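Asker: Generate a structure from the sequence data that follows.
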Amino acid sequence: MTTLVRGGTVVSTSGASPADVVVDGETISAVLDPSSALAASAAQTADRIIDATGCYVLPGGVDAHVHLQLEMTPEATSADSFASGTAAAAWGGTTTIIDFVGQPAGTRVGEAVEQRHREADGQCAIDYGFHLAMGDINDQSLKAMESLIADGITSFKYFMAYPGVWYNDDGKLLRAMQRAADLGGLVMMHAENGLAIDVLRDQAAHRGQTDSVWHGRTRPARLEAEAVHRASALAEIAGAPLYIVHLSSSDALEQVAWARSRGQNVFAETCPQYLYLTLEGQLDQPGIDGLRAVCSPPLRSHDHHADLWQGLRHDDLAVVSTDHCPFCDNEKLLGQDDFRQTPNGLGSIEHRMDLLHSGVVQGELGLARWVETCSTTPARLFGLYPQKGVIAPGSDADLVVYNPTVRHTLSAATHHMNVDGSVWEGLEVTGQVQTVLSRGSLVIDNRSFVGRPGHGRYLPRGIPDLFV
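Answerer: Numbers count the residues shown, from 1 in each chain. Purely as a prediction, here's the structure:
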């Protein structure tokens, strides 16, 4: 089938211009001047025409950090399955996700990979890939990295937090970074000083300070910044590229800028919650309202927002992902008497593109930078470009027709994520997805879901030329 997306404004990293996009099967075959004879001919021969008049046409979003059906504890599993989470992603203009294979302490890499593939296979409405989250750095897991890269898992997440489950000390982290550097892999780092944080958490609980706000107060920004600095120093010694996940604070951003000023390949992502939500406005609320806002790193005070937006404009923050990991209210309420028992995570997979477009409307970000941080750069950093993240001949036909003028209010009553509460409740945003194509197939058709589980394919990823 040939499809013509006609009458829209194509947005890329270089700007926005009127263009018609021709899709042949699963890939883009041409991007045409709408006044050209070729565009007129395409309109005569296309099997299907999608009218994008008054809309942007975007490369499908790439969300490089999500956690679908993640068992955090025996009592709490993230609410979205691979089926519901990828459908919700498509509703929000995301056509590729990268989730995680988790290898906590005491487990083997190969078994973890096989299990995660079984969970996702045949379930996803859009394309997907995996990182490896390595909680047990040892000779076996370091050896396994080579075969993982050959199978298309080319990025490895490590933790400076969560002692006893995911935490690895600096010596182990250095060994893992050296191995990644040798193989061409990308090191991803959860950068918080977990040992110091656990002391502060236990001291707060001993004083009876167990409300949700203490989740934030016991994970101070300085301990995020210290960990980013330390991770950057270790990466420099190892010669490894470093990607800081879910950066939340001005303090941590300052350390990323420091490392980049030294010429290091250090990149960082932030998430919508750190651009819009606050410790005072959401986390410091009684009962379930505060517990819904528990995530790590925690929400910060409003005065961090301006620096993070500036970091996005100036490229010290390269990517916006979601760290999507929602829990229903009954699971969040596990921490009603002690914030330490609250499963960490928020639901944002459906809202990322709208929230960042609202930033464009508010003057925080340019159109091209919106597409760059949400689509093109994550595709480049994680070995998917130019298959994903760009509207160009030969690329996958992952296309989003986006109406930039629609105003709507985010709510648990209307979202498509499988979670019964929302930290975004009542927030008005500007811009909304109208139609989504994944590899040329309609997933969202004029605000109706027409996709199916199993359409999405696993994406083996390559080594980005950025690191060669």
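Asker: Could you use CA atoms for every contact and neighbour count after this?
Answerer: Fine.
Asker: And the helices in the stretch 201-350 of the chain, which stretches?
Answerer: Using DSSP state H, counting those that start in this stretch, the helices of the stretch 201-350 of the chain run over 213-217, 221-238, 250-261, 272-276, 287-291, 305-314, 329-332.
Asker: what's the most buried one of those?
Answerer: helix 213-217 (a mean of 24; mean count of other C-alpha atoms under 10 Å).
Asker: other SSEs contacting that one?
Answerer: helix 194-206 (3 or more C-alpha pairs under 8 Å, 6 or more residues apart in numbering; DSSP states H and E).
Asker: Quick check: buried residues in the helix it packs on?
Answerer: Within helix 194-206, the residues scored as buried using 16 or more other C-alpha atoms under 10 Å are 194, 197-198, 200-201, 204.
Asker: Switch the residues you listed over to CSV; also include distance to T2 and pLDDT.
Answerer: Output for these, formatted as CSV (distance: C-alpha to C-alpha, whole Å; pLDDT from 0 to 100):
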residue, distance to T2, pLDDT
G194, 53, 98
I197, 55, 98
D198, 57, 98
L200, 59, 98
R201, 58, 98
A204, 61, 98
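Asker: of all those, which comes closest to S438?
Answerer: Nearest to S438 among those: G194, at 39.5 Å, using C-alpha to C-alpha.
Asker: which ones are touching that closest one?
Answerer: Contacts for G194 were tallied using C-alpha atoms under 8 Å, 6 or more residues apart in numbering; they are 160-163, 167.
Asker: would a markdown table of those residues with distance to A368, neighbour count and secondary structure be doable?
Answerer: Listed next are those as a markdown table, based on distance: C-alpha to C-alpha, whole Å; neighbours: other C-alpha atoms under 10 Å; DSSP: H, G, I helix; E, B strand; the rest coil:
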| residue | distance to A368 | neighbour count | secondary structure |
| --- | --- | --- | --- |
| M160 | 34 | 24 | coil |
| A161 | 35 | 25 | coil |
| Y162 | 37 | 17 | coil |
| P163 | 40 | 16 | coil |
| Y167 | 37 | 24 | strand |
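Asker: Put together TSV for the residues you listed, with pLDDT and distance to G311 on each row.
Answerer: As requested, the contacts of G194 are exported to TSV (pLDDT from 0 to 100; distance: C-alpha to C-alpha, whole Å):
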residue	pLDDT	distance to G311
M160	98	23
A161	97	24
Y162	95	27
P163	94	30
Y167	95	28
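Asker: Go through those and name the one nearest A105.
Answerer: Of those, the one sitting nearest to A105 (C-alpha to C-alpha) turns out to be Y167, at 8.7 Å.
Asker: Quick check: G7 touching D20?
Answerer: Yes: taking contacts as C-alpha atoms under 8 Å, G7 lies within contact range of D20: 6.3 Å.
Asker: any residues in contact with both of those two?
Answerer: P34.
Asker: which one of the two has more residues nearby?
Answerer: Neighbours per residue, other C-alpha atoms under 10 Å: of G7 and D20, the larger number sits with D20, 28 against 19.
Asker: Can you pick out the most distant pair from the contacts of G194?
Answerer: M160 and P163 (8.1 Å).
Asker: Please name the residues that touch I28.
Answerer: 21-22, 391-397.
Asker: can you pick the most crowded of these?
Answerer: A397 (31 neighbours).
Asker: hang on, the earlier thing: distance to S348 added to the buried residues of helix 194-206, as TSV?
Answerer: Formatted as TSV, these follow (distance: C-alpha to C-alpha, whole Å):
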residue	distance to S348
G194	25
I197	26
D198	27
L200	28
R201	26
A204	29
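Asker: and of those, the nearest to S35?
Answerer: Nearest member of those to S35, counting by C-alpha to C-alpha, is G194, at 58.5 Å.
Asker: which ones are touching the most centrally placed residue in the chain?
Answerer: Nearest to the mean C-alpha position of the chain, by C-alpha atoms, centre = their mean, lies S321 at 2.5 Å. Contact partners of S321, counting by C-alpha under 8 Å, 6+ apart, are 63-66, 246, 269-272, 352, 374.
Asker: again, but for T430
Answerer: Contacts of T430 (C-alpha under 8 Å, 6+ apart): 354-355, 357-358, 361, 404-408.
Asker: Report the secondary structure state of it.
Answerer: When classified by DSSP: H, G, I helix; E, B strand; the rest coil, T430 comes out as strand.
Asker: gap between the residue nearest to it when sequence neighbours are not counted and A120?
Answerer: Sequence neighbours aside, R407 is the residue nearest to T430 in space, at 4.5 Å (criterion: C-alpha to C-alpha, 6 or more residues apart in numbering). Distance from R407 to A120, counting by C-alpha to C-alpha, to the nearest Å: 34 Å.
Asker: What are the buried residues along the lowest-mean-pLDDT helix or strand in the chain?
Answerer: Lowest on mean pLDDT, DSSP states H and E among the helices and strands of the chain sits strand 71-73, with a mean of 92. Buried positions in strand 71-73, judged by neighbour count with 16+ other C-alpha under 10 Å: none.
Asker: quick one: secondary structure of the residue nearest to G431 when sequence neighbours are not counted?
Answerer: Excluding the flanking residues, the one nearest G431 by C-alpha to C-alpha, 6+ apart is P404, at 4.2 Å. Classification of P404 by three-state DSSP places it in strand.
Asker: same check, this time on R452
Answerer: coil.
Asker: Please tell me I have it right and it contacts A125.
Answerer: Yes: contact criterion C-alpha under 8 Å: R452 and A125 qualify, at 5.3 Å.
Asker: Render the CA-only coordinates of stretch 461-468 in CSV, please.
Answerer: Output in CSV follows, covering the C-alpha atoms of stretch 461-468 (Å, rounded to 0.1, in the frame of the first residue of the first chain):
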residue,chain,number,x,y,z
ARG,A,461,20.3,-1.8,17.8
GLY,A,462,23.7,-0.9,16.5
ILE,A,463,26.7,1.0,17.8
PRO,A,464,26.1,4.7,17.1
ASP,A,465,28.6,6.5,14.9
LEU,A,466,28.8,9.1,17.7
PHE,A,467,31.0,6.7,19.7
VAL,A,468,33.1,5.2,17.0
